[in-house]
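**Q** sequence and predicted model, in that order:
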Amino acid sequence: MSEANLVPVTVLTGFLGAGKTTLLNRILKEQHGQRIAVIENEFGEEGIDNDLLTQESNEQIIEMNNGCICCNVRGDLIRTLKELHAKRQKGEIKFDRVLIETTGLANPAPVCQTFFMDDEIGEAYMLDGVLTVVDAKHAMQQLDEHSEAREQVAFADRLLLSKTDLIDGHAQTHLRQRLARMNPRAPMKAVHFGETPVNEILDIRGFNLNAILEISPEFLRAEEHAHDHNHDHDHADCDHEHGHCEHGHEHDHAHTHAADAGDHSHCDHEHGHCSHEHHDHNHAHTHLDDIQSFVFQSDRAFNPMLLEEFMGGLVNVYGEKMMRYKGVLYMDGTERRMLFQGVHMLMGADLGRAWQADEKRYSKLVFIGRDLPKEIFIKGLEQCLV
Ligand SMILES: Nc1nc2c(ncn2[C@@H]2O[C@H](COP(=O)(O)OP(=O)(O)OP(=O)(O)O)[C@@H](O)[C@H]2O)c(=O)[nH]1
């Protein structure tokens, strides 16, 4: 198959809250005349990103809510890409390229491997490049603390620095030097709220297997990540909120929560990893063990003043540990949805679209962080309801 017939794929990565969705929105809004199929790897975030994305009619947004990033991304992604390809072949759907937004806690390697490990995928798609958004305000700490953030930088074909408006020139130089040491081959540029010419980030033919094999010699070794488990037992007694189960498995298993039919109503899983005993997991991800996520939901409206006060207090006390929070809020006194989000101490809200007449109004807020006292958050939020 000649390269011209392959559908180019761009992988958009970057740590939690870096600005991936902001960049994606920018790309989708630009009049470039291309049809883009977007695959959101949302990792159990209850589809919040879909709400934050403005959907233009030309795009196809496909969500993959994965259980365990380390294990399942590949299996789900392969299935999704194959389905897309089959529909494209039959003329049921049209797209010129694919853009995959990975979750902020993901190592991009398994996603990139997909394009080299599976023949069918390799014959339909071509990995064009990996774009890594780096949050200039929080990157130093994220790179110190999270190997995923470092992997994302190492895999980049383009490094896009967001939030440079929030730091001074000296700090930016310092960060740029560190990033250049970590990945000397990727061009780097500051991108203010995702503003960048699309031709600088799409069709870059940037992915270079040789370079990746130097960084990660085991990149093409299937067994490292290929535990494409399959089980569909009932999760009713497991404790997941996002992407992980606490029960031990001796057998092959999958947490393709979007696809399996198990009852997850009592699940409470932490974000982005499995803590069950994987006899065949030889990639360590224990550093994510203290990262959890939980969701607050209600169909009662928030009192805006109470909520503002409470959230202000929360970030003052717990901001350091609040890695990412975002959601859709039902606010008293407005007919529109409020899109609310933050990273550590920085938080912001925008008015979204109007609630439709027949639409059930609700609030859904996801928190991802380290050692967050869930009870305090949930009870406090309940007290802000009208
Ligand atoms: N000041 C400033 N804020 C930015 C910039 N780019 C993005 N943001 C803000 O950063 C926050 C997070 O942006 P998102 O695009 O949602 O980040 P993300 O990487 O998709 O987040 P996750 O998917 O949760 O990991 C939002 O409030 C954005 O408005 C920028 O260049 N400057």
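**A** Happy to help now that I have it. Residues are numbered from 1 along each chain as shown.
**Q** can you tell me the number of residues neighbouring the residue of the stretch 101-250 of the chain found nearest the ligand?
**A** In the stretch 101-250 of the chain, the residue that lies nearest the ligand is residue 104 (3.1 Å; CB to the nearest ligand atom). To be clear about C-beta, it is placed using only N, CA and C from the backbone, and glycine gets the same treatment. When neighbours are defined as other CB atoms under 10 Å, residue 104 has 27 of them.
**Q** wait, it touches residue 21, no?
**A** No: Residue 104 lies out of contact with residue 21 (CB atoms under 8 Å); the separation is 10.1 Å.
**Q** so what touches stretch 379-386?
**A** Residues outside stretch 379-386 that contact it (CB atoms under 8 Å, 6 or more residues apart in numbering) are 296, 298, 300-303, 306-307, 310, 314, 332, 365.
**Q** I misspoke; the intended subject was stretch 190-209.
**A** With contacts defined as CB under 8 Å, 6+ apart, stretch 190-209 is touched by 8, 10, 19, 22-27, 30, 32, 34, 97, 112, 116, 127-131, 133, 136, 157-158, 160-162, 164-165, 172, 185-186, 189, 219.
**Q** does the ligand have contacts with it?
**A** Yes: residues of stretch 190-209 contacting the ligand under CB under 6 Å from any ligand atom: 192-193.
**Q** offset the numbering so it begins at 571, please.
**A** I'll keep to 571 as the first residue from here, and by that count the last item is stretch 760-779.
**Q** buried residues in that stretch?
**A** Residues of stretch 760-779 classed as buried: 760-761, 764, 766, 771-772, 774, 776-777 (neighbour count, 16 or more other CB atoms under 10 Å).
**Q** residues in the stretch 571-720 of the chain within reach of the ligand, list them.
**A** Counting by CB under 6 Å from any ligand atom, the residues of the stretch 571-720 of the chain near the ligand are 584, 586-592, 619, 622, 674.
**Q** so which of these are in strands?
**A** Judged by DSSP state E, those include residue 584 as members of strands.
**Q** pick the one among the residues of the stretch 571-720 of the chain next to the ligand closest to residue 722.
**A** residue 584 (6.1 Å; CB to CB).
**Q** partner residues bridging the spatially closest residue to that closest one that is not a sequence neighbour?
**A** Distances taken as CB to CB, 6 or more residues apart in numbering place residue 703 nearest to residue 584, at 3.4 Å, with adjacent residues excluded. Counting by DSSP bridges, residue 703 forms beta bridges with residue 584, residue 730.
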